[in-house]
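Participant: take this sequence and fold it.
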Amino acid sequence: EDCLHIEFEYNKSKYHMKDVIIGKIYFFLVRIKIKHMEIEIKKRESTGSGPNLYNESETITKFEIMDGAPVRGESIPVRLFLSGYDLTPTYRNVNNKFSAKYFLNLGLVDEEERRYF
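Facilitator: Numbering: from 1, shown residues only. Okay, here's the model as predicted:
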C-alpha cells in the first residue's frame, strides 16, 4: 500500500518578521515514489464579515528543498530567512472586519504529479 510517514520539526510555533525558521524533516516510512519536496510561505487575508466575508491567499515564496526519492531514516535540514520577504504582522479580527495570517506549507510531489500537503 502507498503510504508515507514524515515529521516536520521546527524550533518555534511563532516567528518574528525578521526571524529565521530552522527545522528538519524526518522520513520514517516511504512507500511513495516522491519526485520532489517544496516549502512555501502563504499569506491569507480575510475582509468583511458574515455573508460578505472575502478570503484571499497569496504565495509569498516557494522553494524546492529536496529533489529525488528519500529513503527511510533520511532527514532534510530546513533554514529559511524571513528578512528577505515583505511580511507584515499577523492581524486577527481587526474590528471584526480584517485578518491577515501567514502559513508555512510543506508539499510533496510524486512521480504521477500528485501533491501531498
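
Participant: give me the element the spatially most central residue of the chain is part of.
Facilitator: When Cα atoms, centre = their mean is applied to the chain, the residue found nearest the centroid is Asn105 (1.4 Å). Using DSSP states H and E, Asn105 falls within strand 98-110.

Participant: give the contact list for Phe28.
Facilitator: The contact partners of Phe28, by Cβ atoms under 8 Å, 6 or more residues apart in numbering, come to 5-7, 72-73. (Glycine included, C-beta is placed from N, CA and C.)

Participant: what about the strands in the protein?
Facilitator: 4-10, 20-30, 34-47, 54-67, 75-81, 91-94, 98-110, 115-116 (DSSP state E).

Participant: could I get the buried residue list for the third one?
Facilitator: Buried residues in strand 34-47, counted by 16 or more other Cβ atoms under 10 Å: 34-35, 37-41, 43, 46.

Participant: packing partners of the strand holding Asn105?
Facilitator: strand 4-10, strand 34-47, strand 91-94, strand 115-116 (3 or more Cβ pairs under 8 Å, 6 or more residues apart in numbering; DSSP states H and E).

Participant: what's the closest of these to Leu53?
Facilitator: Among these, strand 34-47 comes nearest to Leu53, with 6.3 Å by Cβ to Cβ.

Participant: partners of the closest one, with directions?
Facilitator: Strand 34-47 pairs in its sheet with strand 54-67 (antiparallel), strand 98-110 (antiparallel), by DSSP bridges.
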